[in-house]
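Asker: Next input, structure requested:
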Amino acid sequence: MRYFEDFPVGEIMERGPYVVTREEIIAFARQFDPQPFHIDEDAAGKSIYGGIIASGWHTAAICHKLLVEGFLGQAASMGSPGLDELRWKKPVRPGDSLRIRIETLEARPSASKPDRGALKLRLEVVNQNGEVVMTEVANALFARRPAP
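Answerer: Predicted structure coming up:
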């Protein structure tokens with residue numbers, strides 16, 4: 001279990017990979033972002049993207065899955081007050097293999113709640129070619145290490 005004190009500023013971790021399928025791109029988009037370039041092969045082929053691409057929200061969900069499975073699930077996470085600076089940089093296509101990089105930007109003990117601290121994390125979602133496809137800055141709360 002990693003506590004607030006276990007995340008030095010400047011630390012970079014990588015998690016993944018996750019391979020995105022055409023079927024899941026279409027299924028996610030049909031339910032949550034039914035734009036033609038996410039769900040219709042013909043329309044997507046005629047779009048500026050030249051084919052089916054994942055919804056940005058799908059990419060964000062994959063990022064969160066990798067974050068929980070490879071990071072938050074092994075830490076004393078206490079939730080998050082929110083995200084900043086979410087950016088989609090490049091399209092995600094069927095067959096892309098995604099991984100995330102997590103960098104600790106800031107670590108601040110809570111002044112009002114001494115049992116916790118706040119981390120500011122920069123997340124990058126990177127494809128198999130090393131291209132950054134999405135970035136976000138996440139604010140996260142972690143429990144402080146219990147006294148021995």
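Asker: Every contact and neighbour count from this point should use C-alpha atoms.
Answerer: OK.
Asker: distance of the residue most central in space within the chain from V9?
Answerer: The residue lying closest to the centre of the chain (C-alpha atoms, centre = their mean) is C63, at 2.7 Å. To V9, C63 is 21 Å away according to C-alpha to C-alpha, to the nearest Å.
Asker: my guess is the residue nearest to the centre of the chain is in a helix, correct?
Answerer: Yes: C63 sits within a helix when classified using DSSP: H, G, I helix; E, B strand; the rest coil.
Asker: who are the neighbours in contact with it?
Answerer: With contact taken as C-alpha atoms under 8 Å, 6 or more residues apart in numbering, C63 is in contact with 99-100, 125.
Asker: Might you specify the subset of these located within strands?
Answerer: Here DSSP state E is the test, and those give 99-100, 125 as lying in strands.
Asker: Let's have those residues in CSV, adding neighbour count and pLDDT.
Answerer: Shown next, in CSV, are these (neighbours: other C-alpha atoms under 10 Å; pLDDT from 0 to 100):
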residue, neighbour count, pLDDT
R99, 22, 99
I100, 25, 99
V125, 26, 99
